[in-house]
Each structure stands twice: as structure tokens, then as C-alpha cells.
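**Student:** Dropping the sequence and predicted coords here.
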Amino acid sequence: MNRSLLDYSFREIGFRLFQKLGLKTRSEAHFSQVENQPMFDGQGPLLVSGVPRSGTTTILHEYARDLGYNALFEPLVFNHLGFDEEYFRKVAASFRANPEPNELAVQEVASGIYSHLSGMSCSATRERVRSLLSEHLDKLTNIAGRNVVIKELRWMGNLEEVDTILTMGEHTPKHILIDPDPYMVLYTHYRLGGLSEKNDFCNMAVDQMYERRFRMAFDAKNMAALVEYKPQNKWEKLLISVLIDRQFMLNFKEAHPDRVMFDLFTTLMNDKFKKMNELGFICSAEKNEDERVLRHSNRHLQDIFFKGRIQSKVTDELHQLVEDFSSFQRPDWAQRIPKPNFRQWSTNLSVVICDL
């Protein structure tokens, strides 16, 4: 729903002003494209998953373009294909990313949550929700065909269910899972004001994100240390959430090594033609030798304001968990940090306002 200027508080207006100055122009890539003739033979779909703000949307559109495939952007919550509104509300309510506490409580009556069906002990509820997921996947592939790249973050805990449903429907998928840098994910949420304990003007919903992951991971494989850690603030909740999602991806990769590509965003972009071939896809585009090579961003290491906050918010124990459960080391703050630039000052002011 569109909001008028009167709907904003002076605090939020100030936050959004400085946030706008501190961020580059956002991508307008949050859409679906079904421009290619749907095909129902040959290769199955390509599914892209990862943690929020890890590059999944870029991978979706880059790989769909080069494969000559249709692209579906987060079809569990965005009705870009024009489904019946009542039907789609039911789908979105069942699989929304961050259910409210009352919604989680209703789901737990069935001894589990919809975002992790295999952990649900009530078989009747599990089959009912699984049937809805199966129906929706069937509708998506009927419209977009097998020649489709689907990006969705909300089925992280249900990757096995999604894979089984598509395979049973003779649409055996391949998967790209993005190996996240937990500290860069933390930094992007920081820049959007999503780590403030007082306000969440961009609706990043980190508290709900952690609550859902905690329930998903409670009895999942290789999650004990992550479940046992008790985060004290949103910074820690987000880091634990990223590590839980990453472990779900690793577990899935281990179960399906031949159909799953798990790699860093920069590698998936720089070597995308090689990665497509490794997954068995025939690419319709030619490699552009002049395309720039992406390097892993260390912007967070160059921001003195972010350094000050992370040092006070994240414990050494959690930094060690990041090293144990990811491909990344804790930030090296020993190196000299340059003076803050205009964007960093603006972001810092937006975060200060958010914390008021």
C-alpha cells in the first residue's frame, strides 16, 4: 500500500533521507519475466537459493538471460503471474519469510512450522501444506515451463520437499546455492537500518527471521552449536540466521552433489558459463570476454562506524562460530581504516536516527 508523507514520522523521514544519501541506486530487478516459449521437455528448471541480500536476484537474471530461460522472482510471495487472489493469499500466508509470533504459534500446534515440513510431527498438517506447495509448483511450471530459473529464499528449510515434488513431476531441477559472507550480509542490513533494536523502517524483520530459523534448525542435522548459542541483539541474531541457512544449503548439497552448485557469488558470476556446463545446461549466449571480473567486496572493512558497532555487538564466541560454520574469517580490524566518506557518514546518521 502506498503511503503519503503524512504517514511518516519526522524520525523516519530523517532516516530515509540520510539512508538515500548513503546508498547507491537500488536495482529494479525484483520482477519475473516469462518472455520465452515454455518448454516441457529437455532440462528441468534451475532453482536459485541463498540468504537475503547475498546476490540471488542478480544470479536469477544473469543465468536466465544467458540460458534463454524464463525468470521467476520469489513466486511464493509475489503474484507476478496473476494467480487468483484468494488462492495466492493462502500460498503467501503459508510460506511467508518471517511469520508473526501469533502465526508461528498456530503452526506449532502441528508440532512444527510450514517452512520446515520434514520437522513437522503432525502428518495430516504436513501433507496438507505439502499439497499446497505441490499445487503451486505445478502451476508455476505449467506457465513458465521447464526452461525457467526460479529464485526463492523462503523454501530454504523445504529444499528437499521442493526437489522431491519437482522430480516426481518429471521436472528434476538443478540448484544454485550461494555461499554467503556473513559479515557482508550483516553490513547490508546495517546500512538499511535493519539492526536497530528500536525501529525497523525498512521492515527487515531480523527478530522474526531468527525465530523462524531457530525453529527450523532445532532438530536439523549439524545445527546443535547454532541452536545452543543465545544471541543478545539483532546483530547476533542475523549472523546465526545466516549460518543456519548456510548449513541447510550444505546439508542439501551433501545429499545431491551432482545437481547442486554451492559457491561464492563472485565465482558464480565470473565463471557462470563454466558453472552452467558443470550443471549440464547448454548456454544460448556467448561469453563476453570484455565483461568485468567481480572481486569479493570488503566494503565493511573500510567503514569505521560499522567497525565500532560490530565490536560492541558481537561476542568472540560468535565470531568463532562464524569461522567454524562459514568460509570466512572474522574481520581484521588491525589494518588502517580510511577516513569515512560521504556515504558512510550518511549511513551512520541514518542508523543513529533509527536508534533514537
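**Tutor:** Ah, there it is.
**Student:** If I look at residue 291, what pLDDT would I see?
**Tutor:** On pLDDT, residue 291 comes in at 63.
**Student:** Residue 294 now?
**Tutor:** The predicted local confidence for residue 294 is 68.
**Student:** How about residue 32?
**Tutor:** At residue 32, the model reports a pLDDT of 76.
**Student:** residues near it, how many?
**Tutor:** Neighbourhood size, residue 32 [other Cβ atoms under 10 Å]: 23. C-beta coordinates here come from the backbone N, C-alpha and C atoms, glycine included.
**Student:** Give me the phi and psi angles of the nearest residue to it once chain neighbours are set aside.
**Tutor:** Spatial nearest neighbour of residue 32, excluding adjacent residues (Cβ to Cβ, 6 or more residues apart in numbering): residue 80 at 3.8 Å. Reported as degrees, to the nearest 10, the phi and psi values for residue 80 are phi -70, psi -20.
**Student:** I'd guessed residue 80 sits against residue 88; true?
**Tutor:** No - using Cβ atoms under 8 Å as the test, residue 80 is too far from residue 88 to be in contact (10.4 Å).
**Student:** ok, these two, which is more surrounded?
**Tutor:** Set residue 80 next to residue 88 and count neighbours by other Cβ under 10 Å: residue 88 wins out with 19 against 15.
**Student:** so the more buried one is in which element?
**Tutor:** Assigned by DSSP states H and E, residue 88 belongs to helix 85-95.
**Student:** so what secondary structure elements neighbour that helix?
**Tutor:** Contacts defined by 3 or more Cβ pairs under 8 Å, 6 or more residues apart in numbering; DSSP states H and E place helix 85-95 against helix 123-144.
**Student:** what comes up buried for the helix it packs on?
**Tutor:** By neighbour count on 16 or more other Cβ atoms under 10 Å, the buried set for helix 123-144 is 125-126, 129-130, 132-134, 136-137, 139-141, 143-144.
**Student:** Now the element after it, going C-ward?
**Tutor:** Helices and strands here follow DSSP H and E; after helix 123-144, the next one along the chain is strand 148-151.
**Student:** Direction included, what does that following strand pair against?
**Tutor:** According to DSSP bridges, strand 148-151 forms sheet pairs with strand 46-49 (parallel), strand 70-73 (parallel).
**Student:** All the helices of the stretch 201-350 of the chain, residue numbers only.
**Tutor:** Under the criterion DSSP state H, counting those that start in this stretch, helices of the stretch 201-350 of the chain are mapped to 206-217, 224-228, 234-255, 265-270, 272-278, 304-313, 316-325, 342-354.
**Student:** The ones you listed: lowest mean pLDDT?
**Tutor:** Ranked by mean pLDDT, the helices of the stretch 201-350 of the chain end with helix 342-354 at the bottom, a mean of 86.
**Student:** Quick one: list the elements packing against it.
**Tutor:** Helices and strands touching helix 342-354, by 3+ Cβ pairs under 8 Å, 6+ apart, are helix 10-22, helix 182-191, helix 304-313.
**Student:** contacting residues around residue 239?
**Tutor:** 182, 186, 231, 314, 318, 321, 322 (Cβ atoms under 8 Å, 6 or more residues apart in numbering).
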